[in-house]
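*Asks:* next come a sequence and a model predicted from it.
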Amino acid sequence: MVTVGFVVEGPSDKRLVENDLFRGWLREGCNLELVGPIVDAGGNGQMCSHNIVILVEKLRIQATPDKVVVLADLDPDSCAPCVEKRKEIIGSAGIDLVVIARKAMESWFLADTEAMRCWTEDNTFHEEYPESLAGMPWDRLKEIGRLTGRGPGASKKIFARKFIRDCGFDVRRAAVHPNCPSARYFVNRLSALGAS
């Protein structure tokens, strides 16, 4: 079994990675054993700086993983205009895989139609373009919440915990959404990482 450690940008990403369903899929489906701690960069563009090198070194010292994965948001307005530029800013020193969620990881929430239907209590819900919204995915979740009377609350961290736990969010379902290529890339590359 290949051990893997994660450096993530913020609380939603951390909730995804520490989830038992995700860990189980890593182990059974990817031959990857998650080792901790999961390093949270603290959001707000923290991976746009040279802090990433320090965070990766910290993870390698504390958890001694065979592989290191960095999961970051694109945040096109605050950091980089495109995925390639974002990856360039993050770099590759000590990193085996960099995955950039288009706009933000919450777009993956919108792409898991089954979990969204659970949250909205609307069996017809479908977000056609979760990664190419005019605004940010968190704003779209708040808008949906207002329309359905099931607001996400003020905190991404609390919403992510509840959405993952109570609605069974599964990144593999987000990955099969036809318009969510970054989730598909994440799932495919993790599967390949465990096979390498």
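*Replies:* Arrived safely, thanks for sending. Numbering: from 1, shown residues only.

*Asks:* give me the number of residues near the closest residue to residue 18 other than its chain neighbours?
*Replies:* The shortest distance from residue 18 to any non-neighbouring residue, by CB to CB, 6 or more residues apart in numbering, is to residue 38 (5.8 Å). Yep, even glycine has a C-beta here, placed from its N, CA and C like the rest. Look at residue 38: counted by other CB atoms under 10 Å, it has 19 neighbours.

*Asks:* same check, this time on residue 14
*Replies:* 23.

*Asks:* contacting residues around it?
*Replies:* 8, 38, 40 (CB atoms under 8 Å, 6 or more residues apart in numbering).

*Asks:* so, low pLDDT: which residues of this protein?
*Replies:* Low-confidence segments of the chain, defined by pLDDT under 70: 44-45, 48-49, 76-81.

*Asks:* so what touches the lengthiest helix in it?
*Replies:* The helix spanning the most residues in the chain, taking DSSP state H as the definition, is helix 181-195. The contact list for helix 181-195, computed with CB under 8 Å, 6+ apart, reads 2, 4, 26, 29-32, 67, 69, 71, 83, 96-97, 99-102, 107-108, 111, 131, 171-172, 174-177.

*Asks:* now, of those, which are buried?
*Replies:* 2, 4, 26, 30-32, 67, 69, 71, 83, 96-97, 99-102, 107-108, 111, 131, 171-172, 174-175, 177 (16 or more other CB atoms under 10 Å).
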